[in-house]
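Colleague: Provided below for reference: sequence and predicted model.
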Amino acid sequence: MVELTKEKNLEQGILKSIEKAIANDTGILFSYSFRFEVRDLLPILTHPSDKNTTRIYWEQPSQGFSFAGLGSILEFQSTDIENSEEINNQINNTMEMGISVTDNSLIGPRIIGGFAFNNYKGNDDTWKNFPRKHFLLPECLGTSTDDGTWLTISRIVHPNEKLDTIINELTRTISYYENRLPVTLPPISRVAVDKFRDVPDQQTYNNTIFSVLGNIKPGQLEKVVISRSHHVKVGKDFSVISAMQVLRNAYSNCTSFFFSLPGKGTFFGCTPERLIRLKNGYIQTEALAGTIARGNNMEEDRILGETLLDSHKEREEHNLVREQIIRKLDSIIPNIQFPDSPQILKLKNVQHLQTPISGELENGEQVLDLVERLHPTSAVAGTPTDQAMQVIGEMESHDRGWYSGPIGWINNKGDGEFYVALRSALVKDEEAHVFSGGGIVSESHPDTEWEETELKLQPIISALSGGQI
């Protein structure tokens with residue numbers, strides 16, 4: 001148990017927070033981080049009482065980085081994803097004014113969240129209770145890196161609060177979380193996944209692709225990304241913790257996440273596509289488009305990879321994404337860097353064309369500004385974006401919700417990272433709504449596109465069943 005009364009830095013941080021709250025006549029974010037002897041954070045989220053608590057999880061196994069959040073002390077949400085300035089300012093001001101006590105400058109509070117792909121106007125109520133845009137700051141945040149694990153407890157300090165009162169409350173909060181942490185994960189639950197239905201069905205999907213192909217014209221509309229959803233019954237025994245175990249074990253070079261809001265649903269996934277990373281003024285993003293299956297053996301896999309690199313259709317789709325991202329960033333990154341040719345990103349069941357893009361940010365934009373600058377990319381919408389979004393609105397009857405929208409985090413240093421929420425599903429009312437999509441260009445064929453979306457569904461369908469598929 002951490003003895004807070006002996007922590008002089010803690011007392012100084014609290015007093016500074018009180019002074020700042022009085023000076024600004026507003027509540028100030030205060031966070032306290034301490035080392036924590038648990039390496040795997042996923043068990044933090046398995047306590048029975050947590051089922052009615054907001055839970056967040058994020059893991060990048062290949063980078064040795066993960067975090068898990070419980071509860072929330074601040075929430076920022078909107079029903080309109082395009083009405084962003086006020087929320088972005090609130091988030092940035094909260095972090096800039098906050099006080100953090102930690103022994104590691106890389107550890108502290110994070111605001112975590114995301115938003116939907118678009119402002120859907122149809123009749124699909126799948127995402128009815130899930131906010132279109134939602135960010136929150138967890139009360140308890142565990143962060144694990146190669147250097148160790150820390151627990152961060154956050155609260156709002158109000159003007160004229162007393163030091164002793166705050167320390168006593170922090171002590172109770174820390175004790176609450178420390179005394180309920182399990183040591184090991186429960187076994188992966190194997191559950192039946194059945195009674196599925198596709199929205200749209202294959203024939204309707206094929207008709208949609210033919211209609212889109214009729215709209216594609218060089219120099220006018222070059223690409224449209226069409227998505228579909230796959231609905232399955234998962235029953236009351238479904239465990240998102242089991243799904244996370246399956247995904248992180250099978251897709252260590254992807255980012256696994258879940259965002260669980262009591263009474264609203266759990267959005268989870270495992271995405272390979274980084275939208276933006278900002279650290280100390282340096283930006284990293286990527287173009288990820290062009291897909292083919294993995295081979296059954298090394299030689300077949302190599303041949304398929306070469307086929308992907310040599311495919312005119314796949315390279316065209318990829319280049320449209322790369323060029324769009326470069327255009328959107330060119331004015332703020334004078335020396336933008338990217339290779340001439342894409343590389344292959346090999347996942348468990350598919351291979352993608354990938355071009356890393358990076359450079360020094362010149363104009364001081366915040367990470368949320370960069371997210372909105374880039375979203376939606378051609379990889380999830382099409383080219384040109386405005387025309388493609390209009391076609392998507394006309395052709396897709398279902399609501400994508402957070403699928404293919406940005407999801408990620410911002411820290412108190414102004415850094416952050418967001419991914420495109422691919423390979424994902426919304427689970428609510430004992431049903432999972434699994435999403436996938438593909439880019440339609442002039443050389444696309446409906447049957448091939450359906451097969452590609454089937455491949456992209458498999459990681460999540462497997463995770464839903466506990467890895468049985």
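Modeller: Right, received. Where do you want to start?

Colleague: so where's the stretch 301-450 of the chain uncertain?
Modeller: Scanning the stretch 301-450 of the chain for pLDDT under 70 picks out nothing.

Colleague: just the strands in it please.
Modeller: Using DSSP state E, counting those that start in this stretch, the strands assigned to the stretch 301-450 of the chain run over residues 343-346, 350-360, 382-383, 406-411, 416-420, 424-428, 431-440.

Colleague: Of those strands, which is nearest Thr173?
Modeller: Nearest to Thr173, of all those, is strand 406-411, at 20.7 Å by CB to CB. For glycine as for every other residue, the C-beta is placed from the backbone atoms N, C-alpha and C.

Colleague: got the angle between the closest one and strand 424-428?
Modeller: Angle of strand 406-411 versus strand 424-428, following axes from the mean of the first three to the mean of the last three CA atoms, to 10 degrees, is 90 degrees.

Colleague: Which pLDDT value belongs to Leu4?
Modeller: Model confidence at Leu4, given as pLDDT, is 60.

Colleague: scratch that, Lys195
Modeller: 69.

Colleague: tally of neighbours for the closest residue to Met95 other than its chain neighbours?
Modeller: Nearest non-adjacent residue to Met95, counting by CB to CB, 6 or more residues apart in numbering: Asn412, 4.7 Å away. By the criterion of other CB atoms under 10 Å, Asn412 has 21 neighbours.

Colleague: and if you look at the one 3 residues further on?
Modeller: Look at Asp415: counted by other CB under 10 Å, it has 17 neighbours.

Colleague: Let me see the contact set for it.
Modeller: Neighbour list for Asp415: Leu278, Lys279, Asn280, Val367 [criterion: CB atoms under 8 Å, 6 or more residues apart in numbering].

Colleague: Now the two most distant members of these.
Modeller: Across the contacts of Asp415, the longest distance by CB to CB is 11.9 Å; it joins Asn280 and Val367.

Colleague: Just want the most central residue of this protein.
Modeller: Nearest to the mean C-alpha position of the chain, counting by CA atoms, centre = their mean, stands Ile407 at 3.1 Å.

Colleague: Just grab the bridge partners of that one for me.
Modeller: For Ile407, the beta-bridge partners are Gly114, Tyr419 (DSSP bridges).

Colleague: And the one 4 residues further on, by the same measure?
Modeller: When bridges are taken as DSSP bridges, the partners of Asn411 come out as Arg110.

Colleague: Distance-wise, check Phe67 relative to Trp150.
Modeller: According to CB to CB, to the nearest Å, Phe67 stands 10 Å off from Trp150.

Colleague: overlap in contacts of these two?
Modeller: Common neighbours of Phe67 and Trp150 (CB under 8 Å, 6+ apart) are Gly142, Thr143.

Colleague: Who has more neighbours out of Asn280 and Val367?
Modeller: A direct count of neighbours by other CB under 10 Å for Asn280 and Val367 places Val367 higher, at 24 against 9.

Colleague: so where do the strands sit in the stretch 101-250 of the chain?
Modeller: In the stretch 101-250 of the chain, the strands defined using DSSP E, counting those that start in this stretch lie at 110-115, 133-137, 140-145, 148-157, 194-199, 223-233.

Colleague: So which residues make contact with the third one?
Modeller: If I follow you right, that is strand 140-145. The contact list for strand 140-145 (CB under 8 Å, 6+ apart) reads 33, 36, 38-41, 44, 64-71, 106-107, 109-110, 149-154, 173, 177.

Colleague: one step back: who's more crowded, Phe67 and Trp150?
Modeller: Phe67 (24 against 21).

Colleague: Please name the residues that touch Phe210.
Modeller: Phe210 makes contact with Pro446, according to CB under 8 Å, 6+ apart.

Colleague: ok, so what distance separates the nearest residue to Leu275 once chain neighbours are set aside from Ser62?
Modeller: Of all residues not flanking Leu275 in the chain, Phe418 sits nearest, at 4.5 Å (CB to CB, 6+ apart). Going from Phe418 to Ser62 by CB to CB gives 18 Å.

Colleague: Count the neighbours of Arg197 for me.
Modeller: Neighbour number of Arg197 under other CB under 10 Å is 10.

Colleague: What is the burial count for Gln220?
Modeller: By other CB under 10 Å, the residues close to Gln220 number 9.

Colleague: Apart from its chain neighbours, what residue comes closest to it?
Modeller: Excluding its sequence neighbours, the residue lying closest to Gln220 (CB to CB, 6+ apart) is Gln387, at 7.3 Å.

Colleague: just checking, the one you found touches Lys223?
Modeller: No. With contact defined as CB atoms under 8 Å, Gln387 does not count as touching Lys223 (9.9 Å).

Colleague: neighbour count winner among these two?
Modeller: Using other CB under 10 Å as the criterion, Gln387 and Lys223 rank with Lys223 on top: 26 against 17.

Colleague: which ones are touching that one?
Modeller: With contacts defined as CB under 8 Å, 6+ apart, Lys223 is in contact with Ile216, Glu317, Leu320, Ser378, Gly382, Thr383, Ala388, Gly439, Ile440, Val441.

Colleague: at 7 Å what do you get?
Modeller: Lys223 is in contact with Glu317, Leu320, Ser378, Gly382, Thr383, Ala388, Gly439, Ile440, Val441, counting by CB atoms under 7 Å, 6 or more residues apart in numbering.

Colleague: what about the closest residue to the second one other than its chain neighbours, distance to Gln343?
Modeller: Using CB to CB, 6+ apart and skipping residues adjacent in sequence, the residue nearest Leu320 is Thr383, 4.5 Å away. Here Thr383 is placed at a distance of 22 Å from Gln343 (CB to CB).

Colleague: Of the two, which one has the most company?
Modeller: Per other CB under 10 Å, whichever of Thr383 and Gln343 has more neighbours is Thr383, with 22 against 13.

Colleague: If I follow the layout properly, the more buried one ends up in contact with Glu222?
Modeller: Yes. With contact defined as CB atoms under 7 Å, Thr383 counts as touching Glu222 (4.7 Å).

Colleague: shared neighbours, those two?
Modeller: Leu320.

Colleague: what sits up against stretch 461-469?
Modeller: Stretch 461-469 has contacts (CB under 7 Å, 6+ apart) with 188-191, 193, 232, 234, 238, 242-243, 246-247, 432, 434.

Colleague: Give me the buried stretch members for that stretch, please.
Modeller: Neighbour-count burial for stretch 461-469, with 16 or more other CB atoms under 10 Å as criterion, is recorded at Ile461, Ser462, Ala463, Leu464, Ser465, Gly466, Gly467.
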